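Enquirer: Predicted model and sequence below, questions to follow.
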Amino acid sequence: MGEISASSVGSHGASRFSLKIKWSQVFSVLLWTVLSIAMVIIGSVHVDNCPVEPKIPIYLIVAGVFHLLAFALIPLKMVAEKVAYSIESILGIFSFCWFIAGSVWVFRVYQENPRRCNDLVYKFAFGILIFEYIFIAFAVAVICLLTCCAGLLVATQAESPDSEAHSPQDEEALK
C-alpha cells in the first residue's frame, strides 16, 4: 500500500510539473504576443520619427508582424505539422536575419545622438533586442547544460558494472 501512494505522489508531482510547464508556455506566448503588438503599434505610429536611423521603426513593425505570424502557426501544428514546420523554418530564418539587421541599425546609432530618434522607439527597440540576446544566451546555456548532463549520463551508464560490455574471455565462455 505504501508503494501505491508513493507512485501516486510521484505521478501527481509529474502532472503538477507538466501543468506548470504548460502555464509557463501560455504566459510566454501571451507576453510575446503583447510585445509583438506593441512593436507593430510603436513602429507604425513613429515611422517618420527616427531621422538618425529610419529603419528602426520599420524593424519594429516587421519583427512584430513576423512574431505574430509565428504564433499564428501554433494551431496549424495540430492539423498540418509538416506544413507548419516548413513555414516556421522560413519564418525563423527570416526572423534571425532581421534580428541581425535590427541589431546593426539600433546599436550602430548608440554612440551617436540617439535623441535624434523618438525616445520611445529607440529605447523599445533597444530593450527588445537586449531581451532577445538574453533569451538566446539562456537557451544556449540550457542546451549546453543538457548536452553535458546527457554526456555524463551516457558515460556513467557505460562504466556501470551492469553494462552489457563483455571482455574477450567472457565472449569465449559464452560460446
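Expert: Nice, I can see it. Numbers count the residues shown, from 1 in each chain.

Enquirer: secondary structure class for residue 111?
Expert: Per DSSP: H, G, I helix; E, B strand; the rest coil, the local secondary structure of residue 111 is coil.

Enquirer: Oh, that last question was meant for residue 128, not what I typed.
Expert: helix.

Enquirer: averaged over its residues, what pLDDT does stretch 136-155 have?
Expert: In this model, stretch 136-155 has an average pLDDT of 91.

Enquirer: Just the C-alphas of that stretch, formatted as CSV.
Expert: This file holds the C-alpha atoms of stretch 136-155, laid out as CSV (Å, rounded to 0.1, in the frame of the first residue of the first chain):
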residue,chain,number,x,y,z
ILE,A,136,19.3,33.4,-26.8
ALA,A,137,22.2,33.3,-24.2
PHE,A,138,19.9,31.5,-21.7
ALA,A,139,18.8,29.0,-24.4
VAL,A,140,22.4,28.3,-25.4
ALA,A,141,23.3,27.8,-21.8
VAL,A,142,20.5,25.4,-21.2
ILE,A,143,21.3,23.4,-24.3
CYS,A,144,25.0,23.2,-23.2
LEU,A,145,23.9,22.1,-19.8
LEU,A,146,21.6,19.4,-21.1
THR,A,147,24.3,18.2,-23.5
CYS,A,148,26.8,17.9,-20.7
CYS,A,149,24.3,16.1,-18.5
ALA,A,150,23.4,13.7,-21.3
GLY,A,151,27.1,13.0,-21.9
LEU,A,152,27.7,12.3,-18.2
LEU,A,153,24.7,10.1,-18.1
VAL,A,154,25.9,8.1,-21.1
ALA,A,155,29.4,7.9,-19.6
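
Enquirer: Can we start the residue count at 10 from this point?
Expert: That works, and once the first residue is 10, the last one we named lands at stretch 145-164.

Enquirer: now that stretch, how far from the centre of its chain.
Expert: From the chain centre to the centre of stretch 145-164 is a distance of 15 Å (Cα atoms, centre = their mean, to the nearest Å).

Enquirer: Cheers, nothing more for now.
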